[in-house]
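Visitor: no sequence for this one, just the structure:
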């Protein structure tokens, strides 16, 4: 199996592999590589029709370009003899996670299954001309973390009440979020309100698309009919909010060069009162405080960015039956539950019921999983494009230019639209004219 490193929590998978060998007598050999090297290796393996790997981890933005090289799993899912080690039970996946991650029409990978709220059902999926091309594992969504100790500090509460005439609370709206971020920007305490991930990279695109969805726009950025929906009144409003939050001084210096790593480091080092990220952030050793988790604040609605890894079978593989059994076992509810001990992000509803339901022990991990599960259920995924990462990079450049004050948000998005149109046309897409 070819797998990621920390990006898809290899440590959690490695911890349970001995159990698979004990149950089957078969050693599942795991080859892990960091993201950029992994992406290159995955595409090289499929381009050469290699038979070496039986199972490959696939990140969501790669799937449209790879789906015709992946083994469709519909027949495997319906074969009881191949579900003897574990029941793949696709009806247990969070529906939005399943359909966004793994359900494709290989002949038209831009298309989406028409009902992404329906519980997964192989017959219904195949009946619409789609199939399942992987089993979701490690589901990531944007989640807000905050310093609970600061929010509960009587001195901070009194100061906030004096300044704004209202009680200090965890922000639920974008307006509240900006106000609280400005309040907690306290230079005398070396404290800033929050973080952004405005450096040029997919993280900046993800920040922007979450805000775009919150303002009522299409959080996938590009519509199923290839409309360039990011350049819209909602897009301008979202990018203006982002630019203004940064210009207010509520984020640490250097934030326009930050990725998720720098955002996590700022919060972990005690530099900010709030942050948004894709994992359960922690405070560094020596930083006293308590962390709470909450959904990303909303505008007119909510649609935090999310994306999920899936275990897929190599269509050229030589051990497909056992590869399917292994993938089904690794992604089954029992194994996902066990892997939460190593902070795996589950993709199954039943696992979230166990780790954050009424009977779960209270604590930061329980709170994180509760918020993560909610966020996955309402999140916005990516556009289904064979060259999505190139499109994302073009949008990230525009976000960074506006966030840095180089150009106005409307101009930045217009530039991005021209660049994205060119990229899509070069990839063979027919892009409709601008409205």
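Guide: Happy to help now that I have it. All figures in this text were calculated on a predicted structure; none of them were measured in a lab.
Visitor: only C-alpha atoms for contact and neighbour calcs from this point on.
Guide: OK.
Visitor: can you give me the helices for the stretch 201-350 of the chain?
Guide: According to DSSP state H, counting those that start in this stretch, the stretch 201-350 of the chain carries its helices in the segments 202-214, 233-247, 260-268, 320-331, 333-339, 349-356.
Visitor: between the two ends of stretch 217-233, how far is it?
Guide: 8 Å (CA to CA, to the nearest Å).
Visitor: let me fix that: stretch 225-238
Guide: Per CA to CA, stretch 225-238 runs 23 Å from first to last residue.
Visitor: from what I see, residue 318 and residue 55 are in contact.
Guide: No. Counting by CA atoms under 8 Å, residue 318 stays clear of residue 55, with 10.5 Å between them.
Visitor: state the mean pLDDT of stretch 343-360.
Guide: Per-residue pLDDT over stretch 343-360 has a mean of 92.
Visitor: which other residues reach that stretch?
Guide: 9, 12, 92-94, 97, 136-140, 280, 333, 336-337, 340, 361, 366-367, 369-370, 373 (CA atoms under 8 Å, 6 or more residues apart in numbering).
Visitor: which parts of this structure are strands?
Guide: 2-3, 31-32, 55-59, 103-104, 131-132, 135-141, 143-147, 274-277, 291-294, 306-313 (DSSP state E).
Visitor: just put those strands in a markdown table and tack on mean pLDDT.
Guide: Listed next are the strands of the chain as a markdown table, based on pLDDT from 0 to 100:
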| stretch | mean pLDDT |
| --- | --- |
| strand 2-3 | 98 |
| strand 31-32 | 97 |
| strand 55-59 | 98 |
| strand 103-104 | 98 |
| strand 131-132 | 98 |
| strand 135-141 | 97 |
| strand 143-147 | 98 |
| strand 274-277 | 98 |
| strand 291-294 | 97 |
| strand 306-313 | 98 |
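Visitor: got CSV for these, with mean neighbour count too?
Guide: As requested, the strands of the chain are arranged in CSV below (neighbours: other CA atoms under 10 Å):
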stretch, mean neighbour count
strand 2-3, 22
strand 31-32, 15
strand 55-59, 25
strand 103-104, 28
strand 131-132, 26
strand 135-141, 27
strand 143-147, 24
strand 274-277, 26
strand 291-294, 22
strand 306-313, 26
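Visitor: make TSV from the ones you listed and add distance to residue 197 to it.
Guide: What follows is the strands of the chain, written out as TSV (distance: least, CA to CA, whole Å):
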stretch	distance to residue 197
strand 2-3	26
strand 31-32	26
strand 55-59	20
strand 103-104	30
strand 131-132	33
strand 135-141	15
strand 143-147	13
strand 274-277	9
strand 291-294	18
strand 306-313	15
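Visitor: outline the domain layout of the protein.
Guide: 2-140+306-356, 143-304+382-435 (automatic domain parsing).
Visitor: distance check, residue 76 against residue 175.
Guide: From residue 76 to residue 175 the distance is 49 Å (CA to CA).
Visitor: so which of the two has more stuff around it?
Guide: residue 76 (19 against 13; other CA atoms under 10 Å).
Visitor: what residues are up against that one?
Guide: Contact partners of residue 76, counting by CA under 8 Å, 6+ apart, are 82, 83, 324.
Visitor: how does it look with 10 Å?
Guide: Shown in contact with residue 76 (CA atoms under 10 Å, 6 or more residues apart in numbering): 82, 83, 88, 132, 320, 321, 324, 325, 328.
Visitor: next, count neighbours for the last one.
Guide: Residues contacting residue 328 under the criterion other CA under 10 Å number 26.
Visitor: report pLDDT for it.
Guide: So residue 328 comes in at 98 (pLDDT).
Visitor: give me every residue that touches the nearest residue to it once chain neighbours are set aside.
Guide: Nearest non-adjacent residue to residue 328, counting by CA to CA, 6 or more residues apart in numbering: residue 88, 5.1 Å away. Contact analysis of residue 88 by CA under 10 Å, 6+ apart lists 76-78, 82, 135, 324-325, 327-333.
Visitor: now the farthest one out in the chain, which residue is it?
Guide: Taking CA atoms, centre = their mean, the residue of the chain most remote from its mean C-alpha position is residue 162, at 38.2 Å.
Visitor: residues in contact with that one?
Guide: With CA under 10 Å, 6+ apart, residue 162 has these contacts: residue 156.
Visitor: separation between it and residue 168?
Guide: 10 Å.
Visitor: and if you look at residue 200?
Guide: Taking CA to CA, one finds residue 200 at 33 Å from residue 168.
Visitor: try residue 88
Guide: Applying CA to CA, the value for residue 88 to residue 168 is 45 Å.
Visitor: can you report phi and psi for the closest residue in space to residue 378 that isn't next to it in sequence?
Guide: Distance criterion CA to CA, 6+ apart; nearest residue to residue 378, sequence neighbours excluded, is residue 303 at 5.9 Å. The phi/psi pair for residue 303 (degrees, to the nearest 10) reads phi -160, psi 60.
Visitor: so residue 303 sits right up against residue 382, yeah?
Guide: No. Applying CA atoms under 10 Å as the test, residue 303 and residue 382 come out as separate, 11.6 Å apart.
Visitor: which one of the two has more residues nearby?
Guide: When neighbours are counted by other CA under 10 Å, residue 303 and residue 382 differ, and residue 303 comes out ahead with 30 against 21.
Visitor: tell me the pLDDT of that one.
Guide: 95.
Visitor: from the chain's centroid, how far away is stretch 48-67?
Guide: Computed by CA atoms, centre = their mean, to the nearest Å, the separation of stretch 48-67 from the middle of its chain amounts to 19 Å.
Visitor: buried residues, it. List them.
Guide: Of all the residues in stretch 48-67, those buried under the rule 16 or more other CA atoms under 10 Å are 53-67.
Visitor: what is the neighbour count of residue 189?
Guide: Residue 189 has 9 neighbours, counted by other CA under 10 Å.
Visitor: same question but for residue 22, I mixed them up
Guide: For residue 22, using other CA under 10 Å, the count is 10.
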